[in-house]
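Participant: Could you work out the structure for the sequence below:
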Amino acid sequence: MTTTTLAVLVPLLPFLGAVAGLLLGRTAPGFVRPLAVLPALASLVLAALVAAGQGGDRAVDAATELTPTGSVPIELALHIDGFAALTAVLVALVATCVQIYSTGYLREDPRYPSYAALVSLFTSAMLLVVYSGDLMVLLVGWEIMGICSYFLVGHYWETPEARAASLKAFLVTKLGDVPFLIGLFALAGDAGSFRVTRILGTVASGGLDHPTLIALLLLAGVAGKSAQFPLHTWLPDAMAGPTPVSALIHAATMVAAGVYFIARLLPVFEASRAAMAVLAVMAAVTMAGSALAALAQDDIKRVLAYSTIGQLGYMTGALAVGDRSAAVFHLLSHGAFKALLFLAAGVIIHAAGTNSLAAMSRMRNLRDRVPDAYWTMTVALLALAAIPPFSGFFSKESVLGAAEHVAGGHTEHVPGAAGWTVLLAGLLTALLTAAYAMRLWLLAFRGHGTEAPDHGRQPVTMNAVLWLLAVPSLAFGGLAFRLLPDWFDGRDLTPTLTTSVLGTGVALVGGIVTYAAWRHTTALAARYPLGAVAAHPEGDAGQVEAEAIAAHAPAYGDVAHAPDPSDPGRLLLGPLHRHAAVGFHLDAVYTALFVRPVRAGASLVRFLDREVVDTYVRGAGALPRRLGAAVRRAQTGNVQTYVSALLAGTVVLAVAAVLVATGA
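Facilitator: Predicted coordinates:
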């Protein structure tokens, strides 16, 4: 088979698996699990063969026109360069791991057949986005991912949290998709084609008439899909879905699609220095804000969700300084260790006996109960914190190195201020990332909460997937920065000395300070327990309680609102904690600025429709009805009445005629 044929099969096989799974889910349940796993596994093998065939050489292009449009043609096209080939391998790998893991995680779920089919469709849509060489075909995969996320996030639709989260994810991403669609049409209008290669050729020749407008419209869709400020608020709430879905969305699909889209069309954005500056600011705010929010979360999946937002901020930061090699390098590295983090969190949740969420403040004695999750999550957290030699160190340093390069004024497409913005925000985020990674590890595996009932050992498939993903989380970065330049435009990805020392230094400081804060708060909790009133009924209990509150939470006015005493995040953030815990009230701001006015407008329209428009409609129908009723009363069916009325009418007419004649 040719590389083109293999590439067509890569997204097609999961799609066929999804269709077969939906059709056979009820009639032949024994085929559901093979139909979930085997197409994804076959797609992974084929994606690896396509990557080997492409080999980092010249891009593979093929196209056929779908239908004549009369203007800008729409073509079923492939454009597979080194970025696309390796990204497809990541997508297929994570999807295969998620499908294998889900066979154990959701083995008792009655809706597993539809779940597995939707995961396959999700995977197919992302692979279509990765390989597509035509933006209209890419948009098809882009939108299919949106509807799949709606159904998968709302998998536990019995709970109000899942219903609200799925609706929020759909609406917020669609809010960004509207300007994104307009931007695609404007881009195709300037370039005369939806083909990626022709658009890039037009940009290279300076043929774009409205580069800033187009880039900003496209950025709106990217911000929604990749959960970047200010359209990131849907992603933490999406944790109400099954944990394997969270792993798929965060590691290899949906949120990675926006970053990949900018990487593929980076010259379009580089054509506008203003757009690159906006992208840099968006990345900086996203990185720092999400890291602060992650440090204040109690639910383990919300910590990881905000972590994903921050790591995507690193990727968009790399793109903002014009280095798509660093961005996609971090996308690949992040995909491995973030999938591992979520799936390890799923093992913890499974051990705790909950559906989807797990509060770290209630965890206790988990190290001994889930040893596989303990060791593999430790590896993933070290990669997340960018500690050498784990994979996150190399990919994150490539981003910081690219920002340092631009900050020194060594580029013509990107403002130097954008480089400084990304560099400083990246270093601050590295400090905070290590802090919340250490906090998560301490609270999850060395916490002092209430021990949950033991629900037995996890299925082998779940633990096996963890160890499989631990390998690239540990070894990918050290190999990739030497091998990937041949695939990524020849850009050097070797870590630079300055950013390596700074990045690793601030990460170590963040981890050490968090550990020290945890030791301090744990000691305070042992010395001043918040339950001192019950423990000391005959002593000065009021004084003990007051000291406990003062020691643990000076900003809180009573015991009911006092924090978990062993949580170092509260000590580190201080008064900022309560704001960071709710995402800096951005949802409340959106509710005040948009949701309430829209609801008020809808109420006004409903009132006008019911009380004004319907009044006229009802009146228009009531008048003929009443006239008809009056006429109907005269129709008695009595012949004598009709004759009497006829004679009376004749008499009236005769009298009128006489009067007229007399008057004449």
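Participant: where in this protein is pLDDT low?
Facilitator: The model of the chain has pLDDT under 70 over residues 352-359, 361-365, 410, 448-456, 528-566, 664.
Participant: can you pull out the helices in the stretch 501-650 of the chain?
Facilitator: 532-535, 541-552, 568-573, 577-581, 586-590, 596-608, 614-634, 639-663 (DSSP state H, counting those that start in this stretch).
Participant: Show me which positions of stretch 474-481 end up buried.
Facilitator: Neighbour counts using 16 or more other CB atoms under 10 Å place Leu474, Phe476, Gly477, Ala480, Phe481 of stretch 474-481 among the buried residues. To be clear about C-beta, it is placed using only N, CA and C from the backbone, and glycine gets the same treatment.
Participant: now swap in stretch 379-399 and tell me
Facilitator: Buried, per 16+ other CB under 10 Å, within stretch 379-399: 379-388, 390-399.
Participant: and those residues, which of them are in helices?
Facilitator: Counting by DSSP state H, the part of the buried residues of stretch 379-399 found in helices is 379-384, 391-399.
Participant: Quick one: the buried residues of stretch 474-481 as CSV, columns for distance to Asn463 too.
Facilitator: Shown next, in CSV, are those (distance: CB to CB, whole Å):
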residue, distance to Asn463
Leu474, 17
Phe476, 21
Gly477, 24
Ala480, 26
Phe481, 30
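Participant: Considering the residues you listed, which is situated nearest to Gln54?
Facilitator: Relative to Gln54, the closest of the buried residues of stretch 474-481 is Ala480; by CB to CB it sits at 16.4 Å.
Participant: Tell me which helix or strand the closest one sits in.
Facilitator: helix 460-483 (DSSP states H and E).
Participant: Packing partners of the helix or strand where Ala117 lies?
Facilitator: Element membership of Ala117 [criterion: DSSP H and E] is helix 112-131. If you count contacts as 3 or more CB pairs under 8 Å, 6 or more residues apart in numbering; DSSP states H and E, helix 112-131 packs onto helix 3-24, helix 32-54, strand 74-80, helix 82-105, helix 135-153, helix 243-251, helix 255-264.
Participant: just the helices of the stretch 501-650 of the chain: most buried one?
Facilitator: Across the helices of the stretch 501-650 of the chain, averaging neighbours per residue (mean count of other CB atoms under 10 Å) puts helix 568-573 on top, at a mean of 23.
Participant: ok, residues contacting that helix?
Facilitator: The contact list for helix 568-573, computed with CB atoms under 8 Å, 6 or more residues apart in numbering, reads 292, 295-296, 435-436, 439, 442, 513-515, 517-518, 520-521, 552-553, 563-564, 577, 580.
Participant: which stretch among the helices of the stretch 501-650 of the chain comes nearest Leu9?
Facilitator: helix 586-590 (42.6 Å).
Participant: Might you report the residue contacts of His520?
Facilitator: Pro568, Leu571.
Participant: So what's the gap between stretch 433-452 and the chain middle?
Facilitator: 24 Å (CA atoms, centre = their mean, to the nearest Å).
Participant: List the buried residues of it.
Facilitator: Neighbour count says stretch 433-452 has 433-445, 447-449, 452 buried, by 16+ other CB under 10 Å.
Participant: From the residues you listed, which land in strands?
Facilitator: Members of the buried residues of stretch 433-452 lying in strands (criterion: DSSP state E): none.
Participant: if we can go back for a sec, distance from the helix holding Ala480 to the middle of the chain?
Facilitator: Worked out by CA atoms, centre = their mean, helix 460-483 lies 23 Å from the chain centre.
Participant: by contact count, what packs against that helix?
Facilitator: Using 3+ CB pairs under 8 Å, 6+ apart: helix 460-483 touches helix 82-105, helix 324-352, helix 371-384, helix 391-407.
Participant: so what does the third one touch, helix or strand wise?
Facilitator: What that stands for is helix 371-384. Using 3+ CB pairs under 8 Å, 6+ apart, helix 371-384 sits against helix 324-352, helix 366-369, helix 391-407, helix 416-445, helix 460-483.
Participant: Could you point out which of those sits nearest Arg33?
Facilitator: Across those, closest to Arg33 is helix 460-483 (CB to CB), at 10.0 Å.
Participant: Out of the helices of the stretch 501-650 of the chain, which gets nearest to Ala77?
Facilitator: helix 586-590 (37.8 Å).
Participant: Using JSON lines, please lay out the helices and strands packed on helix 112-131 together with distance to Arg273.
Facilitator: As requested, the helices and strands packed on helix 112-131 are exported to JSON lines (distance: least, CB to CB, whole Å):
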{"stretch": "helix 3-24", "distance to Arg273": "35"}
{"stretch": "helix 32-54", "distance to Arg273": "32"}
{"stretch": "strand 74-80", "distance to Arg273": "26"}
{"stretch": "helix 82-105", "distance to Arg273": "24"}
{"stretch": "helix 135-153", "distance to Arg273": "23"}
{"stretch": "helix 243-251", "distance to Arg273": "31"}
{"stretch": "helix 255-264", "distance to Arg273": "15"}
